[in-house]
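Peer 1: structural data only, the sequence is not supplied:
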Ligand code: NAD
């Protein structure tokens, strides 16, 4: 059965004005499971106007009332978690064991930010001036555009949506054309929860729809999760209207294993880093830096485990790795594998399309490992967004830091060592927004996440995640009764 999705504007479900649709394809078997509308610039314009109408009412709603709606939506996401997880897996091929977890995590993010709604306090600041009060208050921006990538549509949406709404903003989401279904389902649940019309809206379509949104003067701030190339276009669109942007971009993260690690845990951490989510994750530990003392053992251990990874129908609990999410991504991953072979990297596992029973119709790539990689090879230098690991040997801490930071990216990193002093030095030295010590691919609503360098700027999650959607206003209240000198500024 094919689901015909519509766009959600001003509390109404309707078709896009262009009369065009995009097929939503299941990357496991190439079947079309839904049709997605293409929203035009006119549709986007309507959504922005609806959000602007809704914004004053939403911002002035009592914080407890905003929190109640966020909590209700969290309950609905939880109640529908199995259905949402299955739909997301059907849409992008991510294994059900991860999409199920992500739905629970999304509900937690709504609850976490619901609890922030009445904790956005201001300050009364002592000034060097008599009989004058200095107040600092935080206010929502107004209307936030939230453009997301295809690899984890709900989890990425929920990095921004709950925080922006709790802060009193209206949100217009534009999911990826490759995986829009679950974002539209979240809109249905928001409608069911009772969010007022215009507070949360979804326009679907490809880059043109996103560009119409980011170019619109009625957007007050942009949240973007995607590639650095498009991120630059988004930053330029924000600059044209002098609107701030929060950019969550790609990575080429170093996962660093020292001789003194707990070897078995480090091996699992390396696997989790690159083969979790089929490597289609911004935080993939795609460069594994291994100290020479454990290098051969780690290469052999990883190659052996990679060869046993269970690939197959991502809807089955036993499946460990699913498909590439779409055909362009599949082709891109295979081209990187060929480039690595051409550059002389030593192939120790995988190396091409995965074939076999249950795999033939899907975009399956073998879990692939190259050893003896140089950091300047294409496979180590550029983001692949697939199950391809580059293993790079190093001698000492200094060399590890130098290789780790020799990348334009700065999203995530991992350190595996049982020496706390070394872990502390490494944590300080690596330029990345998150450092995992003796763990990898871990997230929590309570702490911030975001990139350094070409991985972006701005933060989601944690206290920083709500401050991102608030702007600061300063108020002076003069109760002195003085007749001041009008020709000199009062300091
Ligand atoms: P992408 O940049 O191709 O697309 C992202 C979104 O931008 C899509 O919704 C797309 O339709 C839209 N878009 C494209 N052109 C646009 C334009 N000119 N104006 C406005 N919107 C436009 O990225 P992708 O292929 O969907 O996702 C993969 C990338 O996302 C990887 O680089 C990955 O690392 C990154 N990512 C980052 C994070 C993070 O939190 N840092 C999380 C997930 C994915």
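Peer 2: Received the coordinates, thanks. As the structure is a computational prediction, the values presented were derived from the model and not from experiment. Residues are numbered from 1 along each chain as shown.

Peer 1: and the closest residue to the ligand within the chain, what does it touch?
Peer 2: Proximity of the chain to the ligand (C-beta to the nearest ligand atom) peaks at residue 210, 2.3 Å away. Bear in mind the C-beta positions are built from the backbone N, C-alpha and C, glycine included. If you count contacts by C-beta atoms under 8 Å, 6 or more residues apart in numbering, residue 210 has them with 147, 174, 230, 234.

Peer 1: OK, contacts around the last one?
Peer 2: Residue 234 is in contact with 147, 210, 214, 222, 224, 226, 245, 247, counting by C-beta under 8 Å, 6+ apart.

Peer 1: centroid residue for this structure?
Peer 2: residue 156 (4.2 Å; C-alpha atoms, centre = their mean).

Peer 1: coming back round to it: narrow the contacts of residue 210 to those in helices?
Peer 2: Assigned to helices by DSSP state H, the following of the contacts of residue 210 qualify: 230, 234.

Peer 1: which among the contacts of residue 210 gets closest to residue 457?
Peer 2: residue 234 (11.7 Å; C-beta to C-beta).

Peer 1: quick check: pLDDT value at the closest one.
Peer 2: Here the pLDDT value assigned to residue 234 is 98.

Peer 1: so what's it closest to, chain neighbours aside?
Peer 2: Distances taken as C-beta to C-beta, 6 or more residues apart in numbering put residue 224 closest to residue 234, at 4.5 Å, once the chain neighbours are dropped.

Peer 1: in a helix, the one you found, correct?
Peer 2: No: read with DSSP: H, G, I helix; E, B strand; the rest coil, residue 224 is strand and lies in no helix.

Peer 1: which strand or helix spans residue 84?
Peer 2: helix 81-92 (DSSP states H and E).

Peer 1: touching the ligand at all, the helix or strand just after that helix?
Peer 2: For helix 81-92, the succeeding helix or strand toward the C-terminus, using DSSP H and E, is helix 96-114. No: on the criterion C-beta under 6 Å from any ligand atom, helix 96-114 is out of touch with the ligand, staying 11.9 Å away.

Peer 1: so which bits of helix 96-114 are buried?
Peer 2: If you call a residue buried by 16 or more other C-beta atoms under 10 Å, then helix 96-114 has these buried ones: 96-100, 102-103, 105-114.

Peer 1: repeat for stretch 4-12
Peer 2: For stretch 4-12, burial by neighbour count (16+ other C-beta under 10 Å) applies to 5-9.

Peer 1: could you report the neighbour count for residue 28?
Peer 2: Residues lying near residue 28 (other C-beta atoms under 10 Å) number 23.

Peer 1: is residue 30 in a helix, a strand, or coil?
Peer 2: Classification of residue 30 using three-state DSSP returns coil.

Peer 1: which non-adjacent residue is nearest it?
Peer 2: residue 361 (5.6 Å).

Peer 1: that neighbour is in contact with residue 26, isn't it?
Peer 2: No: when contacts are counted by C-beta atoms under 8 Å, residue 361 is not listed as touching residue 26 (9.3 Å).

Peer 1: and residue 227, backbone torsions?
Peer 2: phi -80, psi 150 (degrees, to the nearest 10).

Peer 1: then the one 10 residues further on?
Peer 2: The main-chain torsion angles of residue 237 are listed as degrees, to the nearest 10 and equal phi -60, psi -40.

Peer 1: check residue 371 too.
Peer 2: Dihedral angles (degrees, to the nearest 10) for residue 371: phi -100, psi 170.

Peer 1: on that earlier part again, so the helix holding residue 84, near the ligand or not?
Peer 2: No: judged by C-beta under 6 Å from any ligand atom, helix 81-92 stays clear of the ligand, getting no closer than 10.0 Å.

Peer 1: remind me what that helix packs against, helices and strands.
Peer 2: With contacts taken as 3 or more C-beta pairs under 8 Å, 6 or more residues apart in numbering; DSSP states H and E, helix 81-92 sits against strand 32-37, helix 96-114, helix 153-166, helix 181-193.

Peer 1: which of the ones you listed sits closest to residue 460?
Peer 2: Nearest of those to residue 460, taken as C-beta to C-beta: helix 153-166 at 3.8 Å.

Peer 1: the ligand contacts on the stretch 151-300 of the chain?
Peer 2: 151, 156, 174-177, 206-207, 210-211, 214, 225-227, 230, 233-234, 248-251, 282.

Peer 1: from residue 490, how far out is the residue of the chain most remote from its centre?
Peer 2: In the chain, the residue that sits farthest from the middle, by C-alpha atoms, centre = their mean, is residue 483; the gap is 54.5 Å. Distance of residue 483 to residue 490, given as C-beta to C-beta, to the nearest Å: 12 Å.

Peer 1: buried set for stretch 127-138?
Peer 2: residue 138.

Peer 1: who touches it?
Peer 2: 120, 122-126, 167, 467, 470-482, 490-491.

Peer 1: change it to 7 Å
Peer 2: With C-beta atoms under 7 Å, 6 or more residues apart in numbering as the test, stretch 127-138 has contacts from 120, 122-125, 470, 472-480.

Peer 1: same question for stretch 282-295.
Peer 2: 250-259, 263, 270, 273-274, 279, 298, 380, 384, 388-395, 400, 403-404, 411-412, 414, 440-441.

Peer 1: could you identify the buried members of those?
Peer 2: Here, 16+ other C-beta under 10 Å leaves 250-258, 270, 273-274, 279, 298, 380, 384, 388-394, 400, 403-404, 411-412, 414, 440-441 buried among the contacts of stretch 282-295.

Peer 1: narrow the residues you listed to those in strands?
Peer 2: Among the buried ones among the contacts of stretch 282-295, the members falling in strands are 254-257, 388-394, 412, 414 (criterion: DSSP state E).

Peer 1: before we move on, back to that, how about the helices and strands packed on helix 81-92 in a markdown table, adding distance to residue 54 and mean pLDDT?
Peer 2: Converted to a markdown table, the helices and strands packed on helix 81-92 look like this (distance: least, C-beta to C-beta, whole Å; pLDDT from 0 to 100):
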| stretch | distance to residue 54 | mean pLDDT |
| --- | --- | --- |
| strand 32-37 | 21 | 98 |
| helix 96-114 | 19 | 98 |
| helix 153-166 | 11 | 98 |
| helix 181-193 | 13 | 98 |
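
Peer 1: tell me how many other residues crowd residue 240.
Peer 2: 11.

Peer 1: do the same with residue 73
Peer 2: 28.

Peer 1: so it touches residue 191, yeah?
Peer 2: No: Residue 73 is beyond contact range of residue 191, at 9.9 Å (criterion: C-beta atoms under 7 Å).

Peer 1: close to the ligand: what parts of the stretch 1-150 of the chain are there?
Peer 2: 147-150.

Peer 1: any of the residues you listed buried? List them.
Peer 2: Buried members of those, scored by 16+ other C-beta under 10 Å, are 147-150.

Peer 1: ok, back up a step: which pair in the ones in strands among the buried ones among the contacts of stretch 282-295 spans the largest distance?
Peer 2: 393 and 412 (21.1 Å).

Peer 1: residue 361 and residue 26: who's more crowded?
Peer 2: Neighbour totals were compared for residue 361 and residue 26, and residue 26 leads with 20 against 13 (other C-beta under 10 Å).

Peer 1: does that one really touch residue 2, like I thought?
Peer 2: No: counting by C-beta under 7 Å, residue 26 sits too far from residue 2 to count as a contact (10.9 Å).
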